[in-house]
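A.B. asks: Just a sequence and a predicted model for now, questions to come.
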Amino acid sequence: MTLVVGAAGAVHFGGPGSERDAGSSASATASAGSTPLAAGAQPVRPSRVEGANGAAGAPGAVPGIGAVMSAKIPRDALQVIVASGADRDANTNNVTLWQRADPDAPWEPFGAPLTGRNGANGWTFTHREGDLRSPIGVFSLTAAGGRLPDPGTGMPYEYRPAFYRTAAPQGQPMADAFNYVVAIDYNRLPGLPPSDPTRPLGDQVGGDIWLHVDHRSPTRGCVAVEQDALTSILRWLKPTAHPMIVMGDVGDLAADTT
């Protein structure tokens, strides 16, 4: 049986997103180790990080990021990826990289802006399994992996060619979607490999949200960039810099009030 991670061979749109491949026998398998919400528990936004980084325009703020999201970027974060769509229904986005020398230094751009893709139906604060939307929020980046060998990243890297596969035939863009992935810590345990199936908030809010290789179509919830760009990102990321990703539409990312 071919194990398919995410949804890059999915019947609808490719990308690991928050679901297993709907076209494979693995798609109906529940994630082992996932924990449903306790009875009566209220749904929460699974942005796993809280911090205090100042209001928009303050020295500690990433350009274009308002007070709401800035407050979720930890002070010790020295690397930030911003994936910003034009509106909540957009499935393409601008990806920029930011870094600073220390918590009191201003953010500086790293490299040129990139064009990325996200969920086919855009963005949401209340991501659900199968909604084809990417979650809005601030998430840590603590592990990487892929079907290709480690390209020289400082991140913990899980090289498992047999695991990071899709149902797409070789030679098609979809087949390369998981050549490299960076796990986005949405509804997962930070620091564990991308393949870890644990979903602390339960399966209903989705999971397997990754930064992965673009396959020329919208994703099921992930963010995707060209392989060369992702290779450069992997080499740039450093665990000691506590890297984060801020992702969503322009309006929500720039908001100063909830």
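C.D. replies: Sure thing, it's come through.

A.B. asks: Identify the single longest helix in this structure, thanks.
C.D. replies: In the chain, with assignment by DSSP state H, the single longest helix is helix 227-236.

A.B. asks: distance of Cys222 from Val68?
C.D. replies: 23 Å (Cβ to Cβ, to the nearest Å). C-beta here means a position set from N, CA and C on the backbone, and glycine is covered the same way.

A.B. asks: Count the neighbours of Gln172 for me.
C.D. replies: Using other Cβ atoms under 10 Å, Gln172 is surrounded by 14 other residues.

A.B. asks: Report pLDDT for it.
C.D. replies: Here the pLDDT value assigned to Gln172 is 90.

A.B. asks: What of the one 3 residues further on?
C.D. replies: What the model reports as pLDDT for Ala175 is 94.

A.B. asks: Tell me the spacing between the nearest residue to it once chain neighbours are set aside and Pro63.
C.D. replies: Setting aside the residues directly before and after it, Ala175 is nearest to Ala168 in space (Cβ to Cβ, 6 or more residues apart in numbering), at 4.3 Å. Distance, Ala168 to Pro63, using Cβ to Cβ: 37 Å.

A.B. asks: Have a look at those two and say which one is more surrounded.
C.D. replies: Ala168 (20 against 14).

A.B. asks: hang on, the more buried one in a helix?
C.D. replies: No: secondary structure assignment places Ala168 outside any helix; it is coil (DSSP: H, G, I helix; E, B strand; the rest coil).

A.B. asks: Is it in contact with Val213, as I believe?
C.D. replies: No: using Cβ atoms under 8 Å, Ala168 is not in contact with Val213, being 12.0 Å away.

A.B. asks: in this protein, which ranges drop under the pLDDT threshold?
C.D. replies: For the chain, the stretches flagged by pLDDT under 70 are 1-60.

A.B. asks: show me where it has helices.
C.D. replies: Counting by DSSP H, the helices of the chain are 67-70, 227-236, 250-253.

A.B. asks: Would you reformat the ones you listed as TSV and include mean neighbour count and distance to Tyr164?
C.D. replies: Below are the helices of the chain laid out as TSV (neighbours: other Cβ atoms under 10 Å; distance: least, Cβ to Cβ, whole Å):
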stretch	mean neighbour count	distance to Tyr164
helix 67-70	21	30
helix 227-236	18	13
helix 250-253	19	29
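
A.B. asks: Looking at those, spot the one closest to Gly191.
C.D. replies: Shortest distance between Gly191 and the helices of the chain, using Cβ to Cβ, is found for helix 227-236: 16.6 Å.

A.B. asks: what does that closest one rub up against?
C.D. replies: For helix 227-236, the surrounding residues in contact (Cβ atoms under 8 Å, 6 or more residues apart in numbering) are 79, 81, 95, 97, 99, 110-111, 114, 144, 151-153, 155, 176, 179-180, 182, 211-214, 225.

A.B. asks: Throw the helices of the chain into a markdown table and include distance to Val205, thanks.
C.D. replies: Formatted as a markdown table, the helices of the chain follow (distance: least, Cβ to Cβ, whole Å):
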| stretch | distance to Val205 |
| --- | --- |
| helix 67-70 | 19 |
| helix 227-236 | 25 |
| helix 250-253 | 18 |
